[in-house]
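**Student:** Return a 3D structure for these sequence lines:
(one chain, ligands or ions: 1)
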Amino acid sequence: MNTKEKRKLLDELNNQIRTCERCTLSVTRKHALTGEGDIDALIMFVALSPGEKENIQNKMFVGPSGQVFNNLLNKAGIDRESVFMTNLIKCMLPKNRKPKADEIETCMQFLGEEISIIQPEVIVPLGYYATRAIIAKYHTRPSILSMSFNSINGRLLYSDKIKVFPLTHPSALLYNPSFEPDTVIKYMKLKRFL
Ligand code: SF4
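**Tutor:** Got it, this is the predicted structure:
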């Protein structure tokens, strides 16, 4: 698929996302966020859901977590414009509560379509929930799900369908800044895919 074809499909998909009312998160959101970045990217980041600022401004990673994310990318030598970023769940979770299984299941259909269109070399789920959902859906070895997030964080998980490289969600560093040096080292490993 060439870039023009990808853009057309992504625009159609984004229109569906913006008006989606498939789950009750549509009632409390201001915006359903669509993915952003290079549609020919080799790396696709998948965060959990928009935060408060993202929900208001209708843009990915513009809140406090976004500042941490930008800092991690800078230190890892990765240009934000060269990657694609999206969320597992496109609408904000009220008060940052945990996602429900049916919300993940319903909204992940959009993520699946984004993956089909972008066709990234590697999918980078950020944090526990995105990692768990993506491995459960796409990885041929679901036994990985029995492993702790820490034991697969920063490890490339091959599958005959897909490559998954889980990383720490930037928001974790807001609560534990001491994680930063180790997290930067793991983000730096992404350069091998560029
Ligand atoms: S979270 Fe996803 S499925 Fe639910 S309303 Fe928003 S876009 Fe639709």
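
**Student:** what number of residues lie near residue 153?
**Tutor:** 17 (other Cβ atoms under 10 Å). C-beta here means a position set from N, CA and C on the backbone, and glycine is covered the same way.

**Student:** likewise the one 10 residues further on?
**Tutor:** Summarising burial for residue 163: neighbours were counted as other Cβ under 10 Å, giving 16.

**Student:** Enumerate the beta-bridge partners assigned to it.
**Tutor:** residue 158 (DSSP bridges).

**Student:** Let me see the contact set for it.
**Tutor:** Counting by Cβ atoms under 8 Å, 6 or more residues apart in numbering, residue 163 touches 121, 122, 123, 156, 157.

**Student:** Looking at those residues, which are in strands?
**Tutor:** Under the assignment DSSP state E, the contacts of residue 163 contribute 122, 123, 157 to strands.

**Student:** Tell me the one of these nearest the ligand?
**Tutor:** residue 123 (18.2 Å; Cβ to the nearest ligand atom).

**Student:** neighbours of the closest one, just the number please.
**Tutor:** Neighbour tally, residue 123, other Cβ under 10 Å: 25.

**Student:** What separation is there between it and residue 94?
**Tutor:** 27 Å (Cβ to Cβ, to the nearest Å).

**Student:** Quick check, central residue of the protein?
**Tutor:** residue 46 (0.8 Å; Cα atoms, centre = their mean).

**Student:** Pull the residues that contact the host helix or strand of it.
**Tutor:** Following DSSP states H and E, the helix or strand that holds residue 46 is strand 43-47. Under the criterion Cβ under 8 Å, 6+ apart, residues 60-61, 65, 78, 82-88, 111, 114-115, 118, 120-127, 130, 134, 169, 190, 193-194 lie in contact with strand 43-47.

**Student:** Given it, what are its sheet partners and their directions?
**Tutor:** strand 84-87 (parallel), strand 122-125 (parallel).

**Student:** Just checking the distance from the lowest-mean-pLDDT helix or strand in the chain to the centre of its chain.
**Tutor:** Least confident helix or strand of the chain, by mean pLDDT, DSSP states H and E, is strand 157-158 with a mean of 86. Distance of strand 157-158 from the chain centroid (Cα atoms, centre = their mean, to the nearest Å) equals 17 Å.

**Student:** what sits up against that strand?
**Tutor:** So strand 157-158 is in contact with 135, 139, 141, 144, 163, 164, 165, 166, going by Cβ under 8 Å, 6+ apart.

**Student:** Apply 6 Å and report the result again.
**Tutor:** When contacts are defined by Cβ atoms under 6 Å, 6 or more residues apart in numbering, strand 157-158 is touched by residues residue 164.
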